[in-house]
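In: Turn this into a model:
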Amino acid sequence: MRVVCSLVLLIVLVLLPLSCNTAGSSNDVVIVGDTLELRYASLLRMVECDGYTLVDVQNPWNSTLMNRYLLVPKDSTLPKRLPKGTLLRTPLDRLLVFSTVHTELLGSLGRISAVAGVCDAQYITQSDVREGLRNGTIKDCGSTLNINTEHVVQLSPEAVWVLPHENGGYGKLDKLALPLVECVEYMEASPLAGAEWVRFYGRLMGCAAVADSLFDVVEADYVSLCDSIRQCNYRPTLMCELKSNSAWYLPSGGSTMGCLYRDAGADYLFADNAGRGSLPLAFETVLERAASADLWLVKYNSNTDKTYNSLQSEFDGYRHFRPFRERNIYACNLGRKRFYEETPFRPDILLRELAAIFHPEMFPGYRMRYYEKMHE
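Out: Sure, this is the predicted structure:
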């Protein structure tokens, strides 16, 4: 039986490239259509053309074109001439999804039923997906670093939603020639820019109006909060995160978290670095700049909540920071809170929480969703 399965897998792997969803025979097709106005996203371009929607995704690391998608409704005839690109017949109804961020988003769009397979299942928290993994309606395709190609072939997804990284490929997945939706909204320059990608995903899933309405709500709430917070004269100084082995990884000032700290009314002490990624800094560097910070935000993943005592037992150097001494640390235990699942496409919710920490007088009675004051 194992030999038969291996032969079947080999035949499928040989045939898959022959059916790769690449449309068009040349790049000389003139693109005529209405460009959708994107108010924040800089890595997306969407053009409504005759019979299809063209979507360009820019590479955030070198400013080249990462991928071009041609979205053609399943219930319509394929246009005779299409530019070169990855053809996707919409709505997509059978997906392999790499990230719990996107399973959460699909739930928000009412399309969780389209999730047919996931990677890194141990990190999935979405209840419908967990149930699907238990009853077998959703397939566990292994880890993103060691994908189970046999399971992927059996799954036969219409598309795979992947998380690209700089200079990184997709390992075994590259050999399957499946359509890849490259999800790089996390590299956008602002929280609203990343959240606006919901409009692309909504068009993939046949619920553009729902997606556009969701983003309108997020934008209106976020902008309104920013307008209120700007009235505050006081901005507490802020440090964040914890030391990890030999380095202390902090969000750059130009990252999504850096922007959120600024918009929420804090003086983030490492905002002068305009990058979008993380800053690996030595403990001494962090101490020199942040020893007298007003507030300290930390995130960690643990079965038990950290306390000041457990924090000091992990690394005695923490006691040199003023927020430690004055008991002004706010912590988010990712093992219990759905921070990363919910906030990428709802930055307005996170902005309100951060502002309530930095300016509690503005939000009387606010109940924390992610953070709480660290216990003794």
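
In: Now do the buried residues in the top strand by length along the chain.
Out: Determined from DSSP state E, the single longest strand within the chain is strand 65-73. By 16 or more other Cβ atoms under 10 Å, the buried positions in strand 65-73 come out as 66-72. In short, each C-beta sits where N, CA and C put it, glycine included.

In: Tell me the one among these nearest to residue 301.
Out: residue 66 (30.1 Å; Cβ to Cβ).

In: That closest one contacts residue 184, doesn't it?
Out: Yes: if you go by Cβ atoms under 8 Å, residue 66 and residue 184 touch, sitting 7.0 Å apart.

In: residues bridging contact with those two, i.e. touching both?
Out: 57, 59, 164 (Cβ atoms under 8 Å, 6 or more residues apart in numbering).

In: Tell me the pLDDT of the last one.
Out: In this case it means residue 164. Confidence at residue 164, expressed as pLDDT, is 93.

In: Kindly provide the distance from residue 39 to residue 231.
Out: Noted for residue 39: a distance of 24 Å to residue 231, by Cβ to Cβ, to the nearest Å.

In: Equivalent analysis for residue 165, please.
Out: From residue 165 across to residue 231, the span is 40 Å (Cβ to Cβ).

In: Residue 176 is in contact with residue 153, isn't it?
Out: Yes: Residue 176 is within contact range of residue 153, at 7.1 Å (criterion: Cβ under 8 Å).

In: Just the CA trace of stretch 212-228, in CSV.
Out: What follows is stretch 212-228, C-alpha atoms only, in CSV (Å, rounded to 0.1, in the frame of the first residue of the first chain):
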residue,chain,number,x,y,z
ASP,A,212,-14.9,46.7,2.6
SER,A,213,-17.5,47.4,5.3
LEU,A,214,-15.3,45.7,7.9
PHE,A,215,-12.3,47.9,7.0
ASP,A,216,-14.5,51.0,7.0
VAL,A,217,-15.4,50.2,10.6
VAL,A,218,-11.8,49.6,11.6
GLU,A,219,-10.6,52.8,9.9
ALA,A,220,-13.3,55.0,11.4
ASP,A,221,-12.7,53.7,14.9
TYR,A,222,-8.9,54.0,14.6
VAL,A,223,-8.9,57.5,13.2
SER,A,224,-11.4,58.7,15.8
LEU,A,225,-9.3,57.3,18.6
CYS,A,226,-6.2,59.0,17.1
ASP,A,227,-7.9,62.3,17.0
SER,A,228,-8.9,62.0,20.7
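
In: how far out from the middle of the chain is that stretch?
Out: 19 Å (Cα atoms, centre = their mean, to the nearest Å).

In: ok, now stretch 355-375?
Out: In terms of Cα atoms, centre = their mean, the centre of stretch 355-375 is found 24 Å from the chain centre.

In: Can you give me the end-to-end span of it?
Out: Distance between the boundary residues of stretch 355-375 (Cα to Cα, to the nearest Å) amounts to 21 Å.

In: try stretch 29-44
Out: End-to-end distance of stretch 29-44 (Cα to Cα): 20 Å.

In: Residues contacting it, please?
Out: 45-50, 54-58, 60, 81-83, 184-185, 187-190, 192-197, 199-200, 219.

In: Those residues in helices, which ones?
Out: Among these, the ones falling in helices (DSSP state H) are 192-195, 199-200, 219.
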